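Chemist: would you be able to build a 3D model of this:
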Amino acid sequence: MQNIAEFRIIGRIGKIEVKEKVTYLSVASNYNRKDGDDWKTDAHWNSVTLFDKLAKRLTAGKGDLVHITGRVRQNRYEAGGTTRYDVDLIADGIAILAKKDGGPADDEKQD
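Modeler: From the prediction side, this is the model:
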């Protein structure tokens, strides 16, 4: 059996940054928590990487509600004599659930 590390995020796109064949998305997802007798909602920002083929087909824009699935990649590197650890969220598929302007979402999953 193959070992896997995968993720699923449903959230709104906050920022799109394109660098050559790689696109970086900032996606906000909300989490509810109890604070005393009240419920509060906290936004958590996720940085997701899309590579060449998926990045070229991306039709989502800032504010769109998306469903992203993919794999988790851990990195270890040395910086300034200290070992640092980093986690990359690499998208394998993305679907638009709702457009920011209320327009129709894509019917096709982009993967």
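Chemist: in a helix, residue 55, correct?
Modeler: Yes: the assignment for residue 55 by DSSP: H, G, I helix; E, B strand; the rest coil puts it in a helix.
Chemist: and for it, nearest residue in space, chain neighbours not counted?
Modeler: residue 23 (3.8 Å; Cβ to Cβ, 6 or more residues apart in numbering). C-beta: built from backbone N, CA, C; applies to glycine.
Chemist: contacts for the helix or strand containing that neighbour?
Modeler: Here residue 23 sits within strand 22-35, counting by DSSP states H and E. Taking contacts as Cβ atoms under 8 Å, 6 or more residues apart in numbering, the residues outside strand 22-35 that touch it are 9-18, 39-52, 55, 58, 66, 68, 91.
Chemist: just stretch 47-66 next, same as before
Modeler: 9-16, 18, 21-27, 68, 70, 88-101, 105-106, 110-111.
Chemist: now the buried members of the contacts of strand 22-35.
Modeler: Among the contacts of strand 22-35, those classed as buried by 16 or more other Cβ atoms under 10 Å are 9, 11-13, 16, 48-50, 55, 58, 66, 68, 91.
Chemist: what residue ranges in this protein score low on pLDDT?
Modeler: Scanning the chain for pLDDT under 70 picks out 103-111.
Chemist: state which strand of it is the longest.
Modeler: In the chain, taking DSSP state E as the definition, the longest strand is strand 82-98.
Chemist: so how far is that strand off the chain centroid?
Modeler: 6 Å (Cα atoms, centre = their mean, to the nearest Å).
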